[in-house]
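Trainee: Mind looking at a prediction? Sequence and model below.
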Amino acid sequence: MILFRRETCDFCGACVGVCPVDAISLAKIDLKIDHETCIDCDFCVDVCPSRSLTQDSPRPRKGRRSVPEGA
Amino acid sequence: MLGESYDLVIVGGGPGGCQTAWTAAEHGLSVLLVERDPDIGTPVRCAEGVSTAALREFYEPDPSFCRQHVTEFHFVAPNGTHVEIAGIGDGWILDRKVFDRRIAQDATRAGARIVTNTNAVEARRLDDGRVGVRLEGRGEVMCRIVVGADGTESRTGRWLGLRTFCRPRDMESAAQYLVSGIHDVSPNRIEMWFGSFYAPGGYFWVFPKGEGVANVGLGISGEYGAQHNAFFYLDRMMDRHWPYASIIGRTMGGVPCTGGLKEIVGDNVMLVGDAAHQANPLTGGGITNAMKAGRIAGRVAAEAIRSGDVSKTGLRKYEKEWDDLLGQVHRRCHRIKEGVFRMTDEAFNRLAESIADLPPEERKLNKIVGRALVRQPRLLFDLARIVF
C-alpha cells in the first residue's frame, strides 16, 4: 500500500500526473489516495521529489504489470 | 457571489490559464477562472527562465517582473568542464509572483472574473450540452467550455475523457532552492549541467536572479527516482559546490516532458500548458508555450461559441494550430531528448572537449547537439528539421 507523509509534501502534483488509474487527488493542502483504485505501480513514489509517498510492502501485491493499456 | 453560468470556465491560474482568460474575454466571452491556491503567482514551481523573443510576443521586458537579463549560456560536462555556447543565451529570469499577477490583472481588465482559494473537484457533461464544474464548498458552475490549465496535477481532462497520463520516464521530478550568497556565479549566465552524478535523465541548472542570488535546481527522470529523490541530488550538489550558501527558498514539482498528448481537446474541453504536456520536452521550459497555447485556445473558444459548435470537432482548430506552431517541434525535441538520455557521462565529457576546441562564435547549439548525436544519426534528421 502507498503511504503518504503530509509533513514533507509540498502538494506539487507530480504524483497525480503519473497515476495511470487516477487514484490520487489533490485538495488545497491535502492529498488523497483511493486505495481501492490504486494498483501499487509505485510510479508516484518514483516521481515524488520529497519522498512523501512510499510503498510499505517490499513486494507490491499487483505492481507495474497491472498498468492498463493506453492509460 | 459566483454567477452560475459562463461561456468559459478555466481551471488553474498560471500563465496558461490567465492568458486563455485574457484572450477569451477580449473576444467577448464571459469567463470565470478558478485557482486552487489563495494567491495567483504562488507557490512558484518554476526556474523562471524565458527567452527574450518569446517573452516579447506578450510583454516588453519590464523591471517589475524581469529580475535578471541573461546573455550567456554554459553547458557543463560531468567532469566539470564549462563550455560557453553562443546564440541561445538571450533571455530573462522572471519574478513569477509578479509576472503571473500581471497576466491575471490584464485578464480581469479585459472582463474575465478570477476567484482564488477555490478548488475544482469534478467536471461533468450535462444533458443540455453544457458542462458543470463542481467547486469545493462553492457549488457548481455551468459553462459551454471548460479549459484545464491545472498543470502537472491536471484532472480536468480525465474527468471529461481525455488521457493525460505521463510515463514516469517522461516526468521530470524537480527540486529547486533559491540560493543567496553564491559569488562564483555570473549574474548574466545560465548554466546547465549534465551527467548521472548531477541529474540522471535530466539536468542541473543555475538561473541567476541578481548579484549572488540564483534559482539552483535540477530535474531527474522519474525512471531514476526509485533510488534517490530529486532533493538527494540537489543537497549533494549544494554540499559539494556551495556549502556556505544560504537557502532562502525551496520548491519542487513535476514537469511532463513528453512529445505531447494525443488529444488536447474533447467535447466541451480544452487543455492548456503543463496539463496538455506543452512544455518543451528538451528543456522543460513551459511559461511562454502555455501562453502561446492559451492565446490560441481563447480565440478558438470564442469562435466555437459564436458558431454554436463546442464539440471536439469545433475545438479541433486549437489542437491543429498548436500542432502547427509547436506540436511537431516538440515531438522532434522529445526524440532528441531520448537520444541525450542515452548519452553516457564519457560521451558528455568528449562532447565538451570537442566544443571547447571550436572558436566561440562557432559554438552554436545545433552544431553541438549535432555532434552529441553523431552516433545516433537518425536523430540528426530530427534536429535538422527543428533548426532549419
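Mentor: The structure has been received and is ready for your questions. Keep in mind that this is a model prediction, so the values were computed, not measured. Numbers count the residues shown, from 1 in each chain, chains lettered A, B, ... in the order given.

Trainee: contacts, neighbours, all on C-alpha from now
Mentor: Fine.

Trainee: Quick check: residue B:5 touching residue B:143?
Mentor: Yes: between residue B:5 and residue B:143 a contact is recorded at 5.6 Å, counting by C-alpha atoms under 8 Å.

Trainee: Give me the most central residue, the chain.
Mentor: I'll assume chain A. residue A:44 (3.9 Å; C-alpha atoms, centre = their mean).

Trainee: that's the wrong chain, I wanted chain B
Mentor: Nearest to the mean C-alpha position of chain B, by C-alpha atoms, centre = their mean, lies residue B:286 at 2.0 Å.

Trainee: ok, and the closest non-adjacent residue to it?
Mentor: The shortest distance from residue B:286 to any non-neighbouring residue, by C-alpha to C-alpha, 6 or more residues apart in numbering or on different chains, is to residue B:279 (3.9 Å).

Trainee: interface residues of the stretch 101-250 of chain B facing chain A?
Mentor: Contact residues (C-alpha under 8 Å from any C-alpha of the partner chain) of the stretch 101-250 of chain B with chain A: B:117, B:119, B:152-155, B:158, B:163-168, B:171-175, B:221-226, B:229-231.

Trainee: Can you give me the distance of residue A:21 to residue A:50?
Mentor: 22 Å (C-alpha to C-alpha, to the nearest Å).

Trainee: My error: substitute residue B:235 in the last question.
Mentor: 12 Å.

Trainee: Between those two, tell me which one has more neighbours.
Mentor: Legend: neighbour count by other C-alpha atoms under 10 Å in any protein chain shown for residue B:235 and residue A:50, higher for residue A:50 (21 against 17).

Trainee: Looks like that one contacts residue A:8 (just checking).
Mentor: Yes: counting by C-alpha under 8 Å, residue A:8 is a contact partner of residue A:50 at 6.6 Å.

Trainee: which parts of chain A sit against chain B?
Mentor: Within chain A, the positions lying close to chain B (C-alpha under 8 Å from any C-alpha) are A:10, A:12-20, A:22, A:26-28, A:43, A:45-51, A:71.

Trainee: redo that, cut-off 10 Å
Mentor: Counting by C-alpha under 10 Å from any C-alpha of the partner chain, the residues of chain A close to chain B are A:9-22, A:24-29, A:42-51, A:54, A:70-71.

Trainee: Just the ones in helices from those residues, please.
Mentor: A:14-18, A:43-47 (DSSP state H).

Trainee: which residues does the closest residue to residue A:52 other than its chain neighbours contact?
Mentor: Among residues not flanking residue A:52 along the chain, residue A:5 sits closest, at 4.9 Å (C-alpha to C-alpha, 6+ apart). Applying C-alpha atoms under 10 Å, 6 or more residues apart in numbering or on different chains to residue A:5 gives the contacts A:31, A:50-54.

Trainee: can you put those in a markdown table and add pLDDT?
Mentor: A markdown table is the format used below for the contacts of residue A:5 (pLDDT from 0 to 100):
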| residue | pLDDT |
| --- | --- |
| A:31 | 95 |
| A:50 | 94 |
| A:51 | 94 |
| A:52 | 96 |
| A:53 | 96 |
| A:54 | 94 |
